[in-house]
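Q: Provide a 3D model corresponding to the input given below.
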Amino acid sequence: KLQFLYLIGRCSGSLVGCGMTGWRRVPAAYGRLSRRPAPLPARPTHLPSRLLYTQGASFHTPTAATEMTAIPTRTRTASALEEANVTAFVDATVNWETNCTFGELGAGAAQDAGHVLLLAPSVAAAEARFAGLDLFTDEVKASLEHAAEEKVYALSVAVPGKGLRRVMIGLLPQTASRYNSKARPDVITALVEAALGDGKKVETLDVLSALDAEHELAVAQAVARASHTFSAKSKNWERGYVNDKLAKVHVLLQGPLRVGPEGLRIVAQGVQLAARLVDAPTNLLDTTTYPQICQGYAKRLGLFTCEVMAGEDLRENGYGGLYGVGKAAEFPPALVTMSYKPQTQGGAAKEKIALVGKGMVYDTGGLSLKVGGNMNGMKCDMGGSAAVFAGFVVAAQLGSPHPLDCVLCIADNAVGPRAQRNDDVVVFRSGRTCAINNTDAEGRLILADGVYHAAALCGEKPAVVMDMATLTGAQMVSTGQRHAGLYTSSAAWEAKMMRAGVASGDLLFPLVYAPEFHKALFASTVSDGKNLMSKTNDAGSSCAAYFIEANLPEKYVDEGGSYVHVDLAGPAFQADWGTGYGVALLAQVLKYDA
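A: From the prediction side, this is the model:
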């Protein structure tokens, strides 16, 4: 019989494996799993051993059509201290609430904070739209002439009946090109950060906007980005790594609001959730805790289902790309599938959309090791999965009319005895094969399995498969730090995404879509292709996206399906912080442009 070593963690008790051929129990002391001899199964057309989210946030795997065998909620280490620490992080991530609230500026709107920031696109707009407010005194009006664009001008003002207030004026630049949002959310974030740093004790901040109501989503995400919820500073780590000293920020916008106060709060929370996940280090956000956070949100909200396939289950079900990248790590790779169905209330549901995210919780480069300091910051390489997960959660809360699937491909590209090698050949879930010629081009390998899974194995065929990923450094060369790269098979979706980017403030710029040119660069003599193109200076971001697209079901695009890829390597992580990029964009696409 076949025997092999299998590292499963440092826990006591029995080890239970799950796979299509069936693992049997062996004593924990052996540190291995023994498999009964059995013929290799045919490639499955469904997922019989998917790990399911159930009540109580535990993982289960079906062993028969009607039988469920419980396995531990999370298998990590035997350290009680470490597990308590990690559990506190998971619980805090699932249960925290944003520090941002929203309302409509008008008669009777409370402005009670000790600090107030007046945001305006011009002096004239400020004078017209803040007139009548108690705090808009003659002194404040006179100070408008001294305020400079993109800088905070602060003064202390005696407000009749309310005492002393710290009033700050933030003028926005009037320049915004056609590929930028006229709200200039980049500047809004900087101004709010400056206002929150005005003095040592800013406990409450009112942000009053003179911008047109159409910019509400861009303003909301920009304000949310100014507050960073993750903190490993002393005391904060003991409270689940939450910065619970954040100032309360109340934003008052011009009406009438389309999204509304509660919708804007949901978007702000989603932006901060995505940023928190990106900011968390891999010894907290790993391939076991990340799926558990997804499960926690499914249980907390009750709006969608959550299923997890992990470890050897991935190998036995043919997910060679995801399994191969993550197999050397301390904890196994995982595929998380979440599904949301809208409450149509008699109306017809919109087209189904599948979201897929790259969840590389850490990227060493594998055996093609990142050197020269290039590994620093690679905790952010799951920024695409953070965007689609948080965006999916937001869309479900907002009541998107689209049926949605959200697939997270979660792995840790580590170095070890079991690490994938250059020259290895992997078989994807699509049946395509790939000869590895660079283990640091790993994102496309896990997403190749993810897009096929989303398009072919999640029930009804989606009309659109959209993935988001911190995929290539070439994206930052192509479209810069503030614009994600957009690659899509559909001219209509390209236009739709571009409009949504400007409206939400999550900016994009199109990448070249020419599969007929990209295909030849991946040619291999031994397999269907290689994972790194032969010319790395030939539309690298487009080529990487093409590689993923090529693993969609045969004729998916030819038969009317649309593929959309967003490479957010630049905008997802800036100045050592996650930005929450992509959440407002998905809110716009899945709800407000639906």
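Q: C-alpha only now, for contacts and for neighbours.
A: Noted.
Q: so where is the protein shaky, pLDDT-wise?
A: Under the criterion pLDDT under 70, the flagged ranges of the chain are 1-75, 107-110, 199-200, 345-347, 594.
Q: which parts of the stretch 151-300 of the chain are helices?
A: Remark: helices assigned in the stretch 151-300 of the chain by DSSP state H, counting those that start in this stretch are 185-196, 216-225, 260-279, 289-301.
Q: among these, which is the most enclosed?
A: With neighbours taken as mean count of other Cα atoms under 10 Å, the helices of the stretch 151-300 of the chain reach their highest mean count in helix 216-225, at a mean of 27.
Q: Ser209: which of the helices of the stretch 151-300 of the chain is closest?
A: Evaluated with Cα to Cα, the helices of the stretch 151-300 of the chain place helix 216-225 nearest to Ser209, the distance being 8.4 Å.
Q: and the angle for the closest one with helix 260-279?
A: If you take axes from the mean of the first three to the mean of the last three Cα atoms, to 10 degrees, helix 216-225 sits at 40 degrees to helix 260-279.
Q: residues in contact with helix 216-225?
A: The contact list for helix 216-225 (Cα atoms under 8 Å, 6 or more residues apart in numbering) reads 100, 181, 183, 185-186, 188-189, 192, 251, 253, 257, 259, 264-265, 267-269, 271-272, 275, 503-506, 579-580, 584.
Q: which residues touch Tyr556?
A: Tyr556 neighbours (Cα under 8 Å, 6+ apart): Ser562.
Q: an error on my part: the question was meant for Ala298.
A: Ala298 makes contact with 304-306, according to Cα under 8 Å, 6+ apart.
Q: can you check these and name whichever has the most neighbours?
A: Of all those, the highest neighbour tally under other Cα atoms under 10 Å goes to Cys306, namely 24 neighbours.
Q: how much space is there between it and Tyr179?
A: Distance of Cys306 to Tyr179, computed by Cα to Cα, to the nearest Å: 37 Å.
Q: ok, Ala274 next?
A: Applying Cα to Cα, the value for Ala274 to Tyr179 is 24 Å.
Q: same check, this time on Cys409
A: The spacing between Cys409 and Tyr179, counted by Cα to Cα, is 31 Å.
Q: and those two? which has more neighbours close in?
A: Between Cys409 and Tyr179, counting by other Cα under 10 Å, Cys409 is the more crowded of the two (30 against 14).
Q: surely the more buried one is in a strand?
A: Yes. Counting by DSSP: H, G, I helix; E, B strand; the rest coil, Cys409 is found in a strand.
Q: wait, doesn't it sit right on Val336?
A: Yes. Under the criterion of Cα atoms under 8 Å, Cys409 makes contact with Val336 at 6.8 Å.
Q: so what's the residue count around the residue nearest to Ala158 when sequence neighbours are not counted?
A: Of all residues not flanking Ala158 in the chain, Leu164 sits nearest, at 4.4 Å (Cα to Cα, 6 or more residues apart in numbering). Residues lying near Leu164 (other Cα under 10 Å) number 14.
Q: circling back to that earlier point, and the helices of the stretch 151-300 of the chain: which comes nearest Phe89?
A: Of all the helices of the stretch 151-300 of the chain, helix 289-301 sits nearest to Phe89, with 9.1 Å by Cα to Cα.
Q: just checking: what are the partner strands of the following helix or strand past the closest one?
A: Note on helix 289-301: by DSSP states H and E, the next helix or strand toward the C-terminus is strand 305-310. Partners of strand 305-310 in the sheet, by DSSP bridges, are strand 51-54 (antiparallel), strand 334-340 (antiparallel).
Q: could you export strand 305-310 as PDB, CA atoms only?
A: These are the backbone C-alpha positions of strand 305-310, laid out as PDB (Å, rounded to 0.1, in the frame of the first residue of the first chain):
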ATOM      1  CA  THR A 305     -23.600  30.600   2.300                       C
ATOM      2  CA  CYS A 306     -19.900  29.800   2.800                       C
ATOM      3  CA  GLU A 307     -18.100  26.600   1.800                       C
ATOM      4  CA  VAL A 308     -14.500  25.800   2.200                       C
ATOM      5  CA  MET A 309     -12.300  23.200   0.500                       C
ATOM      6  CA  ALA A 310      -8.800  22.800   1.900                       C
END
